[in-house]
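Trainee: What would the 3D arrangement of this be:
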Amino acid sequence: MRDQGLIHEILDRLVSGSERSLLLGDGPALTGAQLLDQAARVANGLTASGVRPGDRIVLGLAPGPRFVAQALGILWSGACLVPLSPRIKRRELEHVLSDCRPHLALAEDETTALIRTLEPDLVTSNALPHSSSETRHNAPPVAGSDPALVLYTSGSTGRPKGVVHTHASLFRNLHDLGQAWEWSQDDELLLSLPFYHLHGLCVGLFGSLLSGGRIRIQPRFVASATAALLSRPSTTMFYGVPSMYIALEELPQPPSLSHLRLVACGSAPLSEGKQSQLESRLQCSIRQRYGTSETGIVLAQPTAGDSAGVGFSLPSWDVRLVAADEENPEQGELQVRGPGLFREYLGDPERTQATRPDGWYRTGDLVEKSVDGSYRVLGRLQSDIFKVRGHKIGALEIEATLLEHPRIQEAAVIALPHEQDGEELHAAVRCRQEKVSEADLAAFLAERLAPYKVPRRFRMLKEFPRTGPGKIDKVALKKELTEGAGPKG
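Mentor: Just a heads-up that it's a prediction; the model follows:
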């Protein structure tokens, strides 16, 4: 494997698939040759306008062919891509712009106007500079060690951090996943995920381009429309997050996904009970995987056979558990190292070093290793593991038990301050059509869990606050419940 990494490997696939339709959507399909031509024009235009290798370019477009061509052109020019949500809010945008100091920005009209108020001197546009004639790009080749991407985390542990990946780290990670999932040019992926996070942009878009397969882009997930697209015989793969599968399952006539070769779920773990329920209703086998913005995909379930939790480690990764409890050595913080690891947090060498002082990246996730070598995520050490009256409690265990109740569709458990106990457990649930009382839920859990694991309070919600990828936003939820409850003594 050469050192050049992601973009040149993708360009090779576009050349080999020059006559095949690779990018599908509402408009005309784009062949490999057409996509290559568009990316070259963008890359030439950027180079001619003075963009230099390593310059950061903000891209805040909705998922679609225009985003794809602009993103590939940015990478081909040697610049570094900084994807943003097309609906980013002022406060987060202000932080990103001050943190990454972009050379220029391309976004939808509303975001472009907002950028101009925050950074009047920043070059903004509705279209990147492009060449109208030359369709080959002759700039020096991009090296694998060059920065390719800055992903801003969701900020669950503070203000969003700029995670810098190189062309080599992205390629190595996606190459391993492609082999594990037997991704080929015969596949057609329905991609309904946003392009400003790891799952949609890297796994979905870049992963599919590396495989040479087709991508059908749905700019925004809408359960009924997604179900119709999933019924197409040509679709072989679908990636989603738990909330997507739950929405599909709630349709009056849930789609059958039995004809799909791979149905994958990520961004948040599914409990075994919820996974089994969704698989039964959607007539498929859901394959889970584990990854973070900093690592890309580290663990994945194989495409066939039984596998618990989030599967096994991919070939390029070294994985270890650092147990906090000597009595339970099979549980511990997941720590990883490998060529797919991010290069740095942008402009923050101290934080970068703190996350991997000995070369092993501290994920902050508590996991358990099974006898067969697979892994199961138990929760975030900072937000899902609590200490109540001296007992160590995992939120995911309680959530999984709540989901066994026939009337509960979604659940989240957090801990709020308590003057006497330090913390007390609160649960928020979203019911199906029939409601359930707090007393019923408490009794249901009391039959299945130790008394100290039963939340003291329950809240019924119509909708959960969510992060960009669709995960339940426990930071926002905790704030909401805190304002509604306050500490108790």
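Trainee: Show me the residue at the heart of this structure, geometrically.
Mentor: His199 (3.6 Å; CA atoms, centre = their mean).
Trainee: residue contacts, that one?
Mentor: 193, 239, 241, 266-267, 469 (CB atoms under 8 Å, 6 or more residues apart in numbering). For glycine as for every other residue, the C-beta is placed from the backbone atoms N, C-alpha and C.
Trainee: likewise Glu434?
Mentor: Arg407.
Trainee: a helix runs through it, doesn't it?
Mentor: No. Read with DSSP: H, G, I helix; E, B strand; the rest coil, Glu434 is coil and lies in no helix.
Trainee: Against Leu461, how distant is it?
Mentor: 15 Å (CB to CB, to the nearest Å).
Trainee: Kindly report the same for Leu93.
Mentor: From Leu93 to Leu461 the distance is 28 Å (CB to CB).
Trainee: For the two, indicate the residue with more neighbours.
Mentor: Leu93 (22 against 16; other CB atoms under 10 Å).
Trainee: how about the helices of the stretch 301-450 of the chain, start to end?
Mentor: For the stretch 301-450 of the chain, the helices defined by DSSP state H, counting those that start in this stretch occupy 349-355, 395-402, 438-446.
Trainee: Out of those helices, which is closest to Ser370?
Mentor: helix 395-402 (15.4 Å; CB to CB).
Trainee: Dump the helices of the stretch 301-450 of the chain to CSV, plus distance to Lys479.
Mentor: Below are these laid out as CSV (distance: least, CB to CB, whole Å):
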stretch, distance to Lys479
helix 349-355, 24
helix 395-402, 16
helix 438-446, 21
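Trainee: Assign a three-state SS to Ser276, would you?
Mentor: Under three-state DSSP, Ser276 comes out as helix.
Trainee: Tell me the spacing between it and Gly212.
Mentor: 34 Å.
Trainee: Over to Glu368?
Mentor: Counting by CB to CB, the gap from Glu368 to Gly212 is 37 Å.
Trainee: for Glu463, same thing?
Mentor: Counting by CB to CB, the gap from Glu463 to Gly212 is 39 Å.
Trainee: Give me the more crowded residue out of these two.
Mentor: Between Glu463 and Gly212, counted using other CB under 10 Å, the more crowded position is Gly212 (21 against 7).
Trainee: So for that one, what's the pLDDT?
Mentor: Looking at Gly212, its pLDDT stands at 93.
Trainee: For Leu209, give me its contacts.
Mentor: 10, 13-14, 22, 215.
Trainee: count of neighbours near the closest residue to Thr482 other than its chain neighbours?
Mentor: Excluding the flanking residues, the one nearest Thr482 by CB to CB, 6 or more residues apart in numbering is Leu416, at 5.9 Å. Counted by other CB under 10 Å, the residues lying close to Leu416 total 18.
Trainee: what does Gly27 give?
Mentor: Residues near Gly27, counting by other CB under 10 Å: 10.
Trainee: The closest residue to it other than its chain neighbours - how many residues pack around it?
Mentor: Using CB to CB, 6+ apart and skipping the chain neighbours, the partner closest in space to Gly27 is Pro65 (6.9 Å). By the criterion of other CB under 10 Å, Pro65 has 20 neighbours.
Trainee: Specify the next element, helix or strand, located C-terminal of the host helix or strand of Leu75.
Mentor: Mapping Leu75 onto the secondary structure by DSSP states H and E places it in helix 65-77. Using DSSP H and E, the helix or strand that follows helix 65-77 in sequence is strand 80-83.
Trainee: and that following strand, how far from the chain's centre?
Mentor: 16 Å (CA atoms, centre = their mean, to the nearest Å).
Trainee: Just the CA trace of that strand, in PDB.
Mentor: Provided in PDB are the C-alpha atoms of strand 80-83 (Å, rounded to 0.1, in the frame of the first residue of the first chain):
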ATOM      1  CA  CYS A  80      -7.900  20.000   4.700                       C
ATOM      2  CA  LEU A  81     -11.700  19.500   4.800                       C
ATOM      3  CA  VAL A  82     -13.700  20.800   7.700                       C
ATOM      4  CA  PRO A  83     -17.300  19.600   7.400                       C
END
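Trainee: what does that strand contact?
Mentor: 54-60, 71, 74-75, 96, 100, 102, 147-152, 162, 164, 195-196, 201.
Trainee: In strands, which of these appear?
Mentor: 56-60, 147-152, 162, 164 (DSSP state E).
Trainee: can you map out the strands along the stretch 251-400 of the chain?
Mentor: 262-265, 286-292, 296-300, 312-313, 318-322, 331-337, 344-345, 361-369, 375-380, 385-388, 391-394 (DSSP state E, counting those that start in this stretch).
Trainee: Compare those strands and report which one is nearest to Asp109.
Mentor: strand 344-345 (31.1 Å).
Trainee: Neighbouring strands - and their directions - for the closest one?
Mentor: Sheet pairing of strand 344-345 (DSSP bridges) gives strand 162-166 (antiparallel).
Trainee: how about the following helix or strand past the partner strand: buried residues?
Mentor: Next along the chain after strand 162-166, taking DSSP H and E as the criterion, comes helix 167-180. By 16 or more other CB atoms under 10 Å, the buried positions in helix 167-180 come out as 167-178, 180.
Trainee: circling back: which one of the contacts of Leu209 sits closest to Thr363?
Mentor: Ile10 (27.7 Å).
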